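>>> sequence? don't have it. structure:
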């Protein structure tokens, strides 16, 4: 092999390694993923950043006993608002900063709700993500939260808002998330946002 061929081969190897490194840092992969299994059902929670809109995509789904996907419902939440909410829980001041708000649809303290929507198959669809205390048989458990994603038929107002028809759900999935898990999720989302901001001076101009 000539010297020129050796240099060309070396440069090709460098390019391939650079591609591999870029792929490893591809934030299209889930930033956080949790699998759960109980006696009656199994499923997952997946969180991905979407920095073009400065949002996080939260996907909650169910799987069959054979491990096949039964359903999946994804919603987008504002990255800063959601990260601030989780940090407030970790810091112990979410009861004060995120109280119950029946008008917004939350019935417990330390709650969070995000409303959004999109035109899907030429039809307006409302997307709602909600977090509040876990409850079982009307007994509230403050050591854990229910995270719920829902898609509903909707109408689009003159202002562009998606008004959901709560009696017409298209897809709804939920998962139990403990306070311990929220500590890890909050820390991970914080690192993700700090990394994005540090490497993008104009991060706020989305």
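Yes, it's here. Owing to the predicted nature of the structure, the values given are computational and were not obtained by experimental measurement.

>>> mind checking what secondary structure the residue most central in space within the chain has?
Geometric centre of the chain, nearest residue: residue 58, 2.2 Å, by CA atoms, centre = their mean. Look at residue 58: counting by DSSP: H, G, I helix; E, B strand; the rest coil, its state is strand.

>>> for it, give its distance to residue 102.
Residue 58 sits 23 Å away from residue 102 when distances are taken as CB to CB, to the nearest Å. Just so you know, the C-beta spots here come from the backbone N, C-alpha and C atoms, and that holds for glycine as well.

>>> quick one, phi/psi of residue 157?
phi -80, psi 170 (degrees, to the nearest 10).

>>> residues near it, how many?
Residue 157 sits with 10 neighbouring residues when counted by other CB atoms under 10 Å.

>>> how about it, nearest residue that isn't a chain neighbour?
Counting by CB to CB, 6 or more residues apart in numbering, the nearest residue to residue 157 once its immediate chain neighbours are dropped is residue 163, at 5.8 Å.

>>> quick one: contacts for that neighbour?
Residues in contact with residue 163 (CB atoms under 8 Å, 6 or more residues apart in numbering) are 126, 154-157.

>>> out of the residues you listed, which end up buried?
126, 154 (16 or more other CB atoms under 10 Å).

>>> which pair of the contacts of residue 163 spans the longest distance?
Greatest spatial distance in the contacts of residue 163: 126 and 157, 11.1 Å, computed using CB to CB.
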